[in-house]
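J.: how does the following fold in three dimensions:
(one chain, ligands or ions: 1)
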Amino acid sequence: MPIIQPFRRILFAALLFAGCEQSTKQNETTTAGAADSANAAKWWKEAIIYQIYPRSFKDSDGDGVGDLKGIISKLDYIQSLGVTAVWLNPIYSSPNDDNGYDISDYRNIMKEFGTMEDFDVLLKGLHDRKIKLIMDLVVNHSSDEHEWFKQSRSSRTNQYRNYYHWWEAERGKPNYRYSLFDVNHDAWKYDSLTNSYYLHYFSRKQPDLNWENPALRKEVYGIMQFWANKGIDGFRLDAFGFAAKDTTFPAFPKGYEKNFMAYYSMVPGIHDYLKEMHREVFSKYDVMSVAEGAGNSFEDAHNLVDASRKELHMAYAFEGVDIARAEGYSIPHFKKVFSKWDSAFAKEGWISVFLANHDQARMVSRYGNDSEAYRDLSAKMLNTFILSMRGTPYLYNGDELAMTNAGFTSINDYRDMATLNEYKNQVNQKADIAAYLRKLQFECRDNGRTPFQWDASAQAGFSTGKPWINVNRNYTRINAATQEKDPNSVLNYFRKMVALRKANPVLTYGKYSLVDPEHTTVYAYTREWKGEKLLVLLNFSDKPATVKTGYALDKARVLIQNYPTSSGEQLRPYEAVIYKL
Ligand code: NOJ
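T.: Prediction:
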């Protein structure tokens, strides 16, 4: 079995955030829109989304696990960033096999995270600050500890039996299905209680829900309405591209797992489910929705998000975060990927722009340069990139400080179930474990999950107890408190860049055009809207570079720069500058 990097693959087909047509909430504000559909003003296009990984953000009670009260205590910090929406990873009841992506009760809060009262306080606190809340919704699968699954596995005739995918053993072993997280990558788990196998594309504790069953679908819409009625502003639909399945479970070609997205994602039926979800939920509330996975082509992506289809709102394609490699990556390829996604959505639909999330290692370690010399400069440059592209920017917590990869050297430091299962698999195969550990150092998602570095006190001010995963050892140098005091810190630059985007709608809606497209290390582009034109120059390398813009930069005004001065077309390592032309 080849080593498949589950998050890379899942990301490929991804399409996440999509919102709805209606905008009636009290804190609704949009910039006066332009005529065509991609440029029609919507709050979720103008949003600047800050993703919070609750387990690692702030612990209020010393149990080593971040919680809702912790987030509440940091609301002023979140507001100070200038972001306009928060996306929270799952906070529902869960046995935490996959850190909340295995939900045992969709209408309750995970004990470690707090209570529903805490949630209400958090939501109000965000709304009081004019910040919207987007919740993760995990309905391709539930936890095996959900009551539905407990009932479902109890007997073949139970009314919940068809909430999941079962295969009776007397029919023989079902055709192979690849599991992303299973130790043996086998997605069928035999359950002796009813002499049947159940399907789990992720871990054994994450059985896949059966979307063919109208009763299940109704339950899901009820859950979504429950949260929408509480006043949340959006849903991120986890792994939803996988929801539709050919339930005859035909044989797939040998080796299909190397390209499993082509078989798992966008199976017929998916658009019907999304249209139904739109009718039942999105058309009735002012919520934006995003399904993880953009399908397998631009056509799929458009079919998911073009407004006239009444499905989702915003594509969240993963090709861009799949480019980084431990040995370095091709900047021309990076430019090509982001340009191609921009042009594919120039007229219809809308995309997200991001370089990190909770399934990725740290942005500055993957796309920038985390050495002392260049960490801050390259993090500022990357944040300039995300916040100056067309599409809704998603910023992952800690990237505003240039938090770096963890540098774990032992498997005992890792907590991610998928990583630990793959480690066992590698051991079973007698693979090169040292090489696997090196690979994890660069790309394991736990790198992005170490505790938020608040200050230089013990445990980086994250917790008074022992954190569930070790704090990065560099917390005494990289932390929010230190950066607050420095006007030139990555944090304060981030705030300026967020403010610049908010003040310049051209950065949200403006036409994107590459400048000096063949340059091998500089990414340069203009953004143009309503007679205004900005030029963005980004040196993605640690070497000086000269770019040919064709503009008289000595006459242009600098709006932001990550060095104290700018010298036109001569760029220093990781220099970022935006000009108003
Ligand atoms: C995608 C999520 O982003 C990831 O964290 C999770 O492990 C899988 N879906 C399974 O829910």
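
J.: state the mean pLDDT of stretch 46-58.
T.: Stretch 46-58 carries an average pLDDT of 98.

J.: equivalent analysis for stretch 381-395, please.
T.: 98.

J.: can you tell me which residue is nearest the centre of the chain?
T.: Asn357 (4.2 Å; C-alpha atoms, centre = their mean).

J.: against Ala228, how distant is the residue in the chain that the ligand sits nearest to?
T.: Residue of the chain nearest the ligand, by C-beta to the nearest ligand atom: Tyr101 (3.4 Å). Yep, even glycine has a C-beta here, placed from its N, CA and C like the rest. Applying C-beta to C-beta, to the nearest Å, one obtains 21 Å for the distance of Tyr101 from Ala228.

J.: higher neighbour count, these two?
T.: Tyr101 (25 against 20; other C-beta atoms under 10 Å).

J.: contacts only, for the more buried one.
T.: Residues in contact with Tyr101, defined by C-beta atoms under 8 Å, 6 or more residues apart in numbering, are Pro90, Ser94, Asp136, Val138, Phe202, Gln206, Asp238.

J.: just the strands in the stretch 351-500 of the chain please.
T.: 352-353, 392-396 (DSSP state E, counting those that start in this stretch).

J.: check the stretch 51-200 of the chain too.
T.: With DSSP E, counting those that start in this stretch as the criterion, the stretch 51-200 of the chain has strands spanning 85-88, 92-93, 105-109, 132-137, 166-168, 188-191, 196-199.

J.: got JSON lines for the ones you listed, with mean neighbour count and mean pLDDT too?
T.: Putting these into JSON lines (neighbours: other C-beta atoms under 10 Å; pLDDT from 0 to 100) gives the following:
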{"stretch": "strand 85-88", "mean neighbour count": "24", "mean pLDDT": "98"}
{"stretch": "strand 92-93", "mean neighbour count": "22", "mean pLDDT": "98"}
{"stretch": "strand 105-109", "mean neighbour count": "17", "mean pLDDT": "98"}
{"stretch": "strand 132-137", "mean neighbour count": "24", "mean pLDDT": "97"}
{"stretch": "strand 166-168", "mean neighbour count": "17", "mean pLDDT": "98"}
{"stretch": "strand 188-191", "mean neighbour count": "17", "mean pLDDT": "98"}
{"stretch": "strand 196-199", "mean neighbour count": "22", "mean pLDDT": "98"}
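
J.: format those as JSON lines; extra columns: distance to Tyr285.
T.: Formatted as JSON lines, the strands of the stretch 51-200 of the chain follow (distance: least, C-beta to C-beta, whole Å):
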{"stretch": "strand 85-88", "distance to Tyr285": "15"}
{"stretch": "strand 92-93", "distance to Tyr285": "19"}
{"stretch": "strand 105-109", "distance to Tyr285": "17"}
{"stretch": "strand 132-137", "distance to Tyr285": "12"}
{"stretch": "strand 166-168", "distance to Tyr285": "34"}
{"stretch": "strand 188-191", "distance to Tyr285": "36"}
{"stretch": "strand 196-199", "distance to Tyr285": "31"}
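
J.: nearest to Phe181, of these?
T.: strand 188-191 (11.8 Å; C-beta to C-beta).

J.: rewinding a little: need the strands of the stretch 351-500 of the chain in JSON lines (columns: distance to the ligand).
T.: Output for the strands of the stretch 351-500 of the chain, formatted as JSON lines (distance: least, C-beta to the nearest ligand atom, whole Å):
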{"stretch": "strand 352-353", "distance to the ligand": "14"}
{"stretch": "strand 392-396", "distance to the ligand": "12"}
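
J.: will you turn those into a markdown table that also has mean neighbour count and distance to Val287?
T.: Formatted as a markdown table, the strands of the stretch 351-500 of the chain follow (neighbours: other C-beta atoms under 10 Å; distance: least, C-beta to C-beta, whole Å):
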| stretch | mean neighbour count | distance to Val287 |
| --- | --- | --- |
| strand 352-353 | 25 | 16 |
| strand 392-396 | 26 | 15 |
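
J.: still on that earlier bit, which residues sit in contact with the residue nearest to the centre of the chain?
T.: Per C-beta under 8 Å, 6+ apart, neighbours of Asn357: Gln51, Val321, Tyr394, Tyr396, Gly448.

J.: give the bridge partners for the first one, please.
T.: If I follow you right, that is Gln51. Listed by DSSP bridges, the beta-bridge partners for Gln51 are Trp87, Tyr396.

J.: quick one: contacts for it?
T.: Counted by C-beta under 8 Å, 6+ apart, Gln51 has contacts Val86, Trp87, Asn89, Asn357, His358, Tyr394, Leu395, Tyr396, Asn397.

J.: of the residues you listed, which is the nearest to Tyr574?
T.: Among those, and counting by C-beta to C-beta, the member closest to Tyr574 is Leu395, at 18.1 Å.

J.: the closest one and Ile48 touch, don't they?
T.: Yes: Leu395 lies in contact with Ile48 (C-beta atoms under 8 Å); the separation is 7.2 Å.

J.: common neighbours of the two, please.
T.: With C-beta under 8 Å, 6+ apart, Leu395 and Ile48 have common neighbours Val83, Leu387.
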